[in-house]
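A.B. asks: I would like the atomic coordinates for the input below:
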Amino acid sequence: MIGDKKKYLEHIQDEDQIITLRKILDNIEKVIRNHSIVSSDFLDPYQRELSYSILNRFNDISYHEEGGYDNAERKVIVMYPDYLKYSDLESTISAIEVQAKYKHANLGHKDFLGALMGLGVKREKIGDINVSDESTQIIISSELSDYIIFNLDTVGKESVDSKEISLQKIDNVEEEYNKIITTVSSLRLDTIISAAFNISRSDSSNIIKSDKAKVNFKPIDNISYLVNEGDLISVRKKGRVKLKDILGESKKGRLRIQIYKYI
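C.D. replies: Below is the predicted model of the structure:
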């Protein structure tokens with residue numbers, strides 16, 4: 001038994017993540033008590049980072065990320081006794097391929113996510129959804145794969161066919177983006193958001209103060225937060241950008257940067 005679980009959460013400052021991390025502690029307790037193999041829900045990179053700050057305090061627990069493919073954004077954490085080998089464990093996730101019966105159906109990520117949630121599937125049971133012109137690949141908790149295959153017959157207003165595919169057939173996709181090269185006065189978050197989305201500094205400051213911005217999936221409400229090269233910035237209802245490169249200084253002393261703005 002773990003004992004007082006509160007002590008493992010004392011360092012967590014983001015109250016919105018407490019429930020998620022309590023579930024991680026419950027999973028750890030199951031592994032210790034029952035010598036069982038337990039999988040978390042799908043978590044974003046920020047949530048996984050917080051989870052590891054707890055998992056690393058238990059020496060008799062091993063864990064491994066599983067998202068279906070190398071670049072997966074949402075992954076589960078498989079927890080198991082340290083005397084087991086991960087390579088001997090069965091996967092806890094599955095992949096479903098969905099094809100619209102009408103080849104030119106214009107369906108996007110939101111359409112597929114909405115269709116799944118319309119079937120009663122919770123968001124935390126859904127991994128990445130990779131949409132392409134030919135088909136869409138959805139990573140899902142294994143216990144739900146049959147249910148989805150038998151019940152997912154419509155996405156948006158389009159009829160679809162669904163089938164399970166092996167994890168080895170998942171496309172290791174990269175998000176499409178536009179490259180933006182611009183100059184900024186500093187690497188403050190409000191400055192980068194202003195440049196990336198072509199809005200005023202005042203508007204970008206209001207976005208941050210309204211808890212609508214995240215850096216590497218972590219909520220940030222400080223307009224002076226300094227962005228680092230490689231950081232992923234998401235703004236609610238506007239999209240996501242990455243500060244790809246810092247290219248040096250312009251003749252006027254401003255910073256030249258390259259931004260990837262995801263489509």
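
A.B. asks: go ahead and confirm Asp211 touches Asp221.
C.D. replies: Yes: between Asp211 and Asp221 there is a contact at 5.7 Å, judged by Cβ atoms under 8 Å. Glycine gets a C-beta too; all of them are placed from N, C-alpha and C.

A.B. asks: and the helices in the stretch 1-150 of the chain?
C.D. replies: Along the stretch 1-150 of the chain, the stretches classed as helices by DSSP state H, counting those that start in this stretch are 18-34, 45-55, 109-118, 145-151.

A.B. asks: so which of those gets nearest Ile207?
C.D. replies: helix 45-55 (18.4 Å; Cβ to Cβ).

A.B. asks: what are the buried residues along the closest one?
C.D. replies: Tyr46, Gln47, Arg48, Leu50, Ser51, Ile54, Leu55 (16 or more other Cβ atoms under 10 Å).

A.B. asks: from those, pick the one nearest Lys122.
C.D. replies: Taking the buried residues of helix 45-55 together and measuring to Lys122 by Cβ to Cβ, the closest member is Gln47, at 14.9 Å.

A.B. asks: who touches the closest one in this structure?
C.D. replies: Gln17, Thr20, Phe217 (Cβ atoms under 8 Å, 6 or more residues apart in numbering).

A.B. asks: quick one, which of those residues are buried?
C.D. replies: Using 16+ other Cβ under 10 Å as the burial test, those include Gln17, Thr20 as buried.

A.B. asks: right, and Ser145 touches Glu97 too?
C.D. replies: No: when contacts are counted by Cβ under 8 Å, Ser145 is not listed as touching Glu97 (11.3 Å).

A.B. asks: and the strands in the chain, which stretches?
C.D. replies: 38-39, 61-66, 76-81, 93-100, 126-131, 136-141, 154-155, 158-165, 177-184, 213-215, 218-219, 232-235, 239-249, 255-262 (DSSP state E).

A.B. asks: okay, the ones you listed, which one's buried deepest?
C.D. replies: strand 136-141 (a mean of 23; mean count of other Cβ atoms under 10 Å).

A.B. asks: note down every partner strand of it and its orientation.
C.D. replies: strand 93-100 (antiparallel), strand 126-131 (antiparallel) (DSSP bridges).

A.B. asks: now do the longest one and strand 76-81, the angle between them.
C.D. replies: Right, the one you point to is strand 93-100. Relative orientation of strand 93-100 versus strand 76-81 (axes from the mean of the first three to the mean of the last three Cα atoms, to 10 degrees): 160 degrees.

A.B. asks: any idea what the residue lying closest to Ser224 once chain neighbours are set aside is bridged to?
C.D. replies: Distances taken as Cβ to Cβ, 6 or more residues apart in numbering put Arg188 closest to Ser224, at 5.4 Å, once the chain neighbours are dropped. Applying DSSP bridges to Arg188 yields these beta-bridge partners: Leu226.

A.B. asks: so what's Arg188 up against?
C.D. replies: Contacts of Arg188 (Cβ under 8 Å, 6+ apart): Ile223, Ser224, Tyr225, Leu226, Val227.

A.B. asks: how near is it to Lys244?
C.D. replies: 18 Å (Cβ to Cβ, to the nearest Å).

A.B. asks: partner residues bridging Val160?
C.D. replies: With DSSP bridges as the rule, Val160 is bridged to Ala100.

A.B. asks: spit out the contact partners of it.
C.D. replies: Contacts of Val160 (Cβ under 8 Å, 6+ apart): Val98, Gln99, Ala100, Lys101, Leu152, Asp153, Thr154.

A.B. asks: how far away is the residue lying closest to Ala196 once chain neighbours are set aside from Ile93?
C.D. replies: Nearest non-adjacent residue to Ala196, counting by Cβ to Cβ, 6+ apart: Val241, 4.3 Å away. Counting by Cβ to Cβ, the gap from Val241 to Ile93 is 29 Å.
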